[in-house]
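Undergrad: coords below, sequence missing:
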């Protein structure tokens with residue numbers, strides 16, 4: 001078995017295989033070498049979550065995100081053709097939220113894209129499904145491009161990356177940056193970029209926020225990681241800076257509303273057979289780890305669209321791209337949209353209470369993140385029992401003191417304040433995944449909210465639109 005297509009051809013039930021028998025590359029890397037590079041917690045995840053709201057927090061992104069560098073005469077032509085995102089405003093001082101769709105309009109993957117000019121080309125940061133999609137088309141589409149792949153540290157042969165990458169967040173982040181940047185922190189618009197000098201190192205900065213607050217991503221040569229980090233920590237000591245571990249880092253989507261790693265819509269369709277034959281049988285896509293209460297024999301029931309992920313605002317029909325006709329049709333039809341679900345407190349308490357005493361034991365709710373699939377897929381139903389969507393990323397946010405999940409919901413049930421019901425726990429007492437305990441299913445009532453959930457994040461979003 002050499003390719004993803006071989007796996008599909010030889011697997012009687014692909015959903016059953018992904019639901020029961022895979023361990024995701026994310027899970028392997030998070031519980032393996034990555035755990036020795038970045039601590040799960042530097043203090044406690046609760047105080048680290050509070051830091052991005054009250055003082056400042058430093059995330060180390062240097063090890064877990066793969067990167068693809070693309071340059072050459074056809075680099076822009078390739079990337080523009082693969083994405084609904086416009087390149088009409090392409091410049092070296094702004095980044096893009098870049099994503100791709102299949103010819104049928106299903107989401108493939110997304111990442112952050114930086115452009116460094118014609119000579120250096122493009123940098124695509126994180127998101128293996130979209131990086132693989134770009135690599136395939138770059139290699140097979142007759143494009144004059146050069147591509148260089150920088151895998152995450154657990155998969156790097158020498159354990160070295162090309163760049164370090166940090167994210168600094170919180171109300172005191174600006175003061176810290178102003179102190180450590182030679183000449184002070186420059187004014188940079190949201191999702192725009194610039195260069196600064198920190199501790200004598202030339203550092204590329206991207207103005208954006210992961211946790212819904214004013215922040216910046218800083219990157220530079222990997223050899224200068226310690227020098228830049230030490231400067232940040234030293235300046236942050238008097239401003240309440242906390243380093244954030246992986247437990248805190250992976251809880252940030254609950255506040256900023258970004259849905260990580262939805263299942264790529266590439267497992268069906270003859271038009272994608274060549275791509276599946278290009279993907280190895282041990283690829284990221286072959287090891288997606290379905291989990292949750294949604295269990296369907298049709299893998300397309302797990303696919304996502306741009307509207308379901310909140311990406312419709314990035315779709316621009318000013319150029320030709322793969323999937324354009326499908327997205328034009330989607331815009332005219334009823335669709336699912338992104339929402340945040342606030343779980344009802346009494347139902348959450350009931351699930352915690354089931355862990356003691358007699359009676360059924362429901363699927364444990366871990367904190368701060370509660371998902372156990374990669375991706376998670378939990379049924380979302382209306383009050384009368386109709387299937388109206390899918391909940392994916394879930395967990396606890398101490399700043400809001402709420403259990404939340406990120407979901408796609410049919411437009412007819414997406415009005416804020418709508419009451420919905422989430423099925424919690426897997427079918428048949430739990431899958432064969434080794435990290436899923438035996439349990440009973442139950443339901444959790446939830447209220448629909450706009451994304452992002454926090455008032456602070458919504459205010460920041462309104463300020464930049």
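TA: Ah, there it is. No experiment lies behind these values; they were computed from the predicted model shown.
Undergrad: Surely residue 382 is in contact with residue 422?
TA: No. Applying C-beta atoms under 8 Å, one finds residue 382 not in contact with residue 422, separated by 11.4 Å. C-beta coordinates here come from the backbone N, C-alpha and C atoms, glycine included.
Undergrad: Please say which of the two ends up with more neighbours.
TA: Legend: neighbour count by other C-beta atoms under 10 Å for residue 382 and residue 422, higher for residue 422 (25 against 17).
Undergrad: Where does that one sit: helix, strand or coil?
TA: The three-state assignment at residue 422 reads strand, by DSSP: H, G, I helix; E, B strand; the rest coil.
Undergrad: Sticking with residue 228, tell me its helix or strand.
TA: Secondary-structure assignment from DSSP states H and E places residue 228 in helix 225-236.
Undergrad: What sits closest to residue 105 if chain neighbours are left out?
TA: With C-beta to C-beta, 6 or more residues apart in numbering as the measure, residue 326 is the residue that lies nearest to residue 105, at 3.0 Å, once sequence neighbours are left out.
Undergrad: just checking, the one you found is part of a helix?
TA: Yes. The assignment for residue 326, made by three-state DSSP, places it in a helix.
Undergrad: residues in contact with it?
TA: Contacts here follow C-beta atoms under 8 Å, 6 or more residues apart in numbering; on that basis residue 326 touches 101-105.
Undergrad: domain parsing for the chain?
TA: 33-65+159-256, 67-151, 288-302+334-464 (automatic domain parsing).
Undergrad: Let's have those domains in a markdown table, adding mean pLDDT and distance to residue 319.
TA: Compiled in a markdown table, the domains of the chain are given as follows (pLDDT from 0 to 100; distance: least, C-beta to C-beta, whole Å):
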| stretch | mean pLDDT | distance to residue 319 |
| --- | --- | --- |
| domain 33-65+159-256 | 93 | 20 |
| domain 67-151 | 97 | 6 |
| domain 288-302+334-464 | 94 | 22 |
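Undergrad: of all those, which lies closest to residue 276?
TA: Using C-beta to C-beta as the measure, domain 67-151 is the one of these that comes nearest residue 276, at 9.9 Å.
Undergrad: Report the buried residues of the longest strand along the chain.
TA: The strand of greatest length in the chain, counted in residues with DSSP state E as the criterion, is given as strand 387-397. Of the residues in strand 387-397, 388-397 count as buried by neighbour count, 16 or more other C-beta atoms under 10 Å.
Undergrad: Helices of the stretch 51-200 of the chain, start to end?
TA: Residue ranges of the helices in the stretch 51-200 of the chain, as given by DSSP state H, counting those that start in this stretch, are 75-81, 128-140, 173-180.
Undergrad: Which residues does the shortest one contact?
TA: Contacts of helix 75-81 from elsewhere in the structure, counted by C-beta under 8 Å, 6+ apart, are 70, 87, 90, 98, 113, 121-122, 134, 137-138, 141, 143, 145, 319-322.
Undergrad: who's the residue lying closest to residue 119 once chain neighbours are set aside bridged to?
TA: Closest residue to residue 119 in three dimensions, ignoring its sequence neighbours and counting by C-beta to C-beta, 6+ apart: residue 71, at 7.4 Å. In this structure, residue 71 has the following beta-bridge partners (DSSP bridges): residue 146.
Undergrad: Would you confirm that residue 71 contacts residue 121?
TA: Yes. Between residue 71 and residue 121 a contact is recorded at 2.6 Å, counting by C-beta under 8 Å.
Undergrad: which neighbours do these two share?
TA: With C-beta under 8 Å, 6+ apart applied, the overlap between the contact sets of residue 71 and residue 121 consists of residue 146.
Undergrad: Which of the helices of the stretch 51-200 of the chain sits closest to residue 306?
TA: Of those, nearest to residue 306 by C-beta to C-beta is helix 128-140, at 12.9 Å.
Undergrad: Next, the buried residues of the closest one.
TA: 128-138.
Undergrad: Next up, phi/psi of the residue lying closest to residue 224 once chain neighbours are set aside, please.
TA: Once its chain neighbours are removed from consideration, residue 224 has its nearest residue in residue 201; the separation is 4.5 Å (C-beta to C-beta, 6+ apart). The phi and psi torsions at residue 201 (degrees, to the nearest 10) take the values phi -110, psi 140.
Undergrad: ok, now which ones touch residue 201?
TA: The neighbours of residue 201, taking C-beta under 8 Å, 6+ apart as the test, are 220-221, 224, 227-228.
Undergrad: Kindly recompute the last result at 7 Å.
TA: For residue 201, the residues meeting the contact criterion (C-beta atoms under 7 Å, 6 or more residues apart in numbering) are 220, 224, 227-228.
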